[in-house]
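Novice: One predicted model, sequence on top.
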Amino acid sequence: MMSLDSITLYLVATMVAALLGAMMVFFGKQENSAALKWWGTAYLLGAASVALWTATGDKLGPHLYLALNAVGFVACGMVWNAARVFHGRKPNWPGLVLGAIAWVAAVMLLDPAASMLRMIIGAGIVSVYAALTASELWVERRKSLKRRWPAFVVPVMHGCVLMLPILLGSFLRPHDAGFSTSVWVTVFAVELVLYAVGTVFVIFMLVSERTVTAHRTAASTDLLTGMLNRRGFSEACARMIEREAKGGRPVTVMIFDIDHFKSINDRFGHPAGDEMLKLFSTVVVNNLRISDLSGRIGGEEFAALLPCALEEGVLVAERVREAFETSGVVVDDGAVDTTVSIGVAGGPAGTELEVLLASADTALYQAKRGGRNRVEAAEELPLSLENWRRQSAARIGASKTQPATA
């Protein structure tokens, strides 16, 4: 009964793996995901290999039996390569077939009677692939994924189950070999079902998290410049301010407004204006540190948050102004003035972003009134946001009564 139960379990495992593989290939095509296609194809190959091996038993000739087992090891290599593709790495083609080659060489060189040794070698090869898969799923090279522990635990447990007979081999007596082998065949069959289901759960968890992250990034990114939009900038700044506040460090905000941007659109068209915005975003990014935050918060208005004191922020703002002024843009054989007015405001640890932006906006207004193409630092933070809003409304009302020059 043990043999029949084992065969039944293996057939169930292969049907589950085949169903899951077909599902992953289908979703891989739907979502245009190469990694899902790799995983699905690996499941289908592995399921076909195990199903034929279980159904035919000793009816296959030695060469077909060897090739069938080699296909199973190639499927294990594909699972590892699927994890590589998921992380944006190229498939490792030699590693894909190395396990199968090692298995074929072992079978051809070993005594045909050494079936237990061949089983140990096969389990070792699969365990190595499981360890490689676990390491790929654990290490996200582009951006850290949260809640990744199942991605590491599932393949590690798979490898441990396969290696356990090897680790216990020295404790099993020779006359217990038949019993131990039959027990482990059943254990492998049960574990294969659990591993197939568990791995698919991990795969879809990782794919889902990456999709959510991509949508969140798209919602926080300005499509034209690739910088953070107002929402993304505010959220990122809140995290930075909180982090810097724990260390008691000050922060500085600057607001940039491209001078006479409306006239650029009127004279050269909106495509030229878009190019100007992209140029300025590049200037800002190139002149800030990696630790600094920047974003486009309005039409031609940009902002940045720096973890530094006001004095250092003013120096950075001046560097941005100079770089943009000397960018040398030419449209229709005519030079275009590329100047920017910048307002800078700093505050002690824990100062709210809105307070800093309010103060920087006041300094920006002073830079505009002072002739543009200049950096102005706020002398003090506003007493309240409500007062600042009233002052801003008054400035806007006054500007509507004057001819537009921006």
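Specialist: Thanks, I have the structure now.
Novice: Surely residue 32 is in a helix?
Specialist: No - according to DSSP: H, G, I helix; E, B strand; the rest coil, residue 32 belongs to no helix; its state is coil.
Novice: Let me see the confidence value for it.
Specialist: Residue 32 carries a pLDDT value of 86.
Novice: give the contact list for residue 342.
Specialist: Contacts for residue 342 were tallied using C-beta atoms under 8 Å, 6 or more residues apart in numbering; they are 254, 255, 256, 257, 317, 320, 321, 364, 367, 374, 375, 376. Any C-beta I mention is one placed from the backbone N, CA and C, and that applies to glycine too.
Novice: Neighbouring strands - and their directions - for the helix or strand where the fourth one lies?
Specialist: Translated: residue 257. Following DSSP states H and E, one finds residue 257 within strand 251-258. Note on strand 251-258: by DSSP bridges, its sheet partners are strand 301-306 (antiparallel), strand 340-347 (antiparallel).
Novice: coming back round to it: by neighbours, which of the contacts of residue 342 wins?
Specialist: Within the contacts of residue 342, most neighbours by other C-beta atoms under 10 Å means residue 254, with 31 neighbours.
Novice: Just give me the neighbour total for the spatially closest residue to that residue that is not a sequence neighbour.
Specialist: Closest residue to residue 254 apart from its sequence neighbours, by C-beta to C-beta, 6 or more residues apart in numbering: residue 344 at 4.6 Å. Neighbourhood size, residue 344 [other C-beta under 10 Å]: 29.
Novice: which stretches of the stretch 1-150 of the chain form strands?
Specialist: In the stretch 1-150 of the chain, no segments count as strands under DSSP state E, counting those that start in this stretch.
Novice: what are the ranges of the helices in it?
Specialist: Secondary structure of the stretch 1-150 of the chain by DSSP state H, counting those that start in this stretch: the helices cover 2-30, 34-56, 62-86, 93-109, 115-138, 149-168.
Novice: quick one, which of those is nearest to residue 303?
Specialist: Comparing the helices of the stretch 1-150 of the chain against residue 303 with C-beta to C-beta, the closest turns out to be helix 62-86 (35.1 Å).
Novice: that older thread, mind putting the helices of the stretch 1-150 of the chain into a markdown table with distance to residue 195 and mean neighbour count?
Specialist: Listed next are those as a markdown table, based on distance: least, C-beta to C-beta, whole Å; neighbours: other C-beta atoms under 10 Å:
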| stretch | distance to residue 195 | mean neighbour count |
| --- | --- | --- |
| helix 2-30 | 9 | 17 |
| helix 34-56 | 11 | 20 |
| helix 62-86 | 10 | 20 |
| helix 93-109 | 17 | 15 |
| helix 115-138 | 9 | 19 |
| helix 149-168 | 5 | 18 |
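Novice: Mind checking those for the one nearest to residue 233?
Specialist: Nearest of these (C-beta to C-beta): helix 62-86, 29.8 Å.
Novice: Could you list every helix and strand that the helix or strand residue 266 falls within packs against?
Specialist: Using DSSP H and E, residue 266 sits in helix 261-268. In this structure, helix 261-268 makes packing contacts with helix 270-287, judged by 3 or more C-beta pairs under 8 Å, 6 or more residues apart in numbering; DSSP states H and E.
Novice: how about the residue nearest to residue 21 when sequence neighbours are not counted, what does it touch?
Specialist: In space, residue 21 comes closest to residue 43 once its chain neighbours are excluded; the distance is 2.8 Å by C-beta to C-beta, 6+ apart. By C-beta under 8 Å, 6+ apart, the contact list for residue 43 reads 17, 18, 20, 21, 24, 75, 196.
Novice: Tell me the buried residues in stretch 344-359?
Specialist: Judged by neighbour count using 16 or more other C-beta atoms under 10 Å, the buried positions of stretch 344-359 are 344, 345, 346, 347, 351, 353, 355, 356, 357, 358, 359.
Novice: and the helices of the stretch 1-150 of the chain, which one's lowest on average pLDDT?
Specialist: Sorting the helices of the stretch 1-150 of the chain by mean pLDDT places helix 149-168 lowest, at a mean of 55.
Novice: Settle this for me: the residue nearest to residue 254 is touching residue 376, isn't it.
Specialist: Yes - the pair residue 344 and residue 376 qualifies as a contact (C-beta atoms under 8 Å) at a distance of 7.1 Å.
Novice: Between these two, which contacts overlap?
Specialist: With C-beta under 8 Å, 6+ apart as the test, residue 344 and residue 376 both reach residue 363.
Novice: Need the three-state assignment for residue 249.
Specialist: coil.
Novice: do residue 223 as well
Specialist: coil.
Novice: Look up phi and psi at it.
Specialist: Torsion angles at residue 223 (phi, psi; degrees, to the nearest 10) stand at phi -70, psi -30.
Novice: To what extent is it buried, counted in neighbours?
Specialist: 8.
Novice: swap in the one 4 residues further on?
Specialist: The local packing of residue 227 (other C-beta under 10 Å) involves 25 other residues.
Novice: Can you tell me the closest non-neighbouring residue to residue 125?
Specialist: Closest residue to residue 125 apart from its sequence neighbours, by C-beta to C-beta, 6+ apart: residue 99 at 4.5 Å.
Novice: Okay, that neighbour and residue 375: tell me how far apart.
Specialist: Here the distance between residue 99 and residue 375 works out to 62 Å (C-beta to C-beta, to the nearest Å).
Novice: what residues are up against the spatially closest residue to residue 301 that is not a sequence neighbour?
Specialist: Nearest non-adjacent residue to residue 301, counting by C-beta to C-beta, 6+ apart: residue 257, 5.2 Å away. Neighbouring residues of residue 257 by C-beta under 8 Å, 6+ apart: 300, 301, 302, 340, 341, 342, 364, 368, 406.
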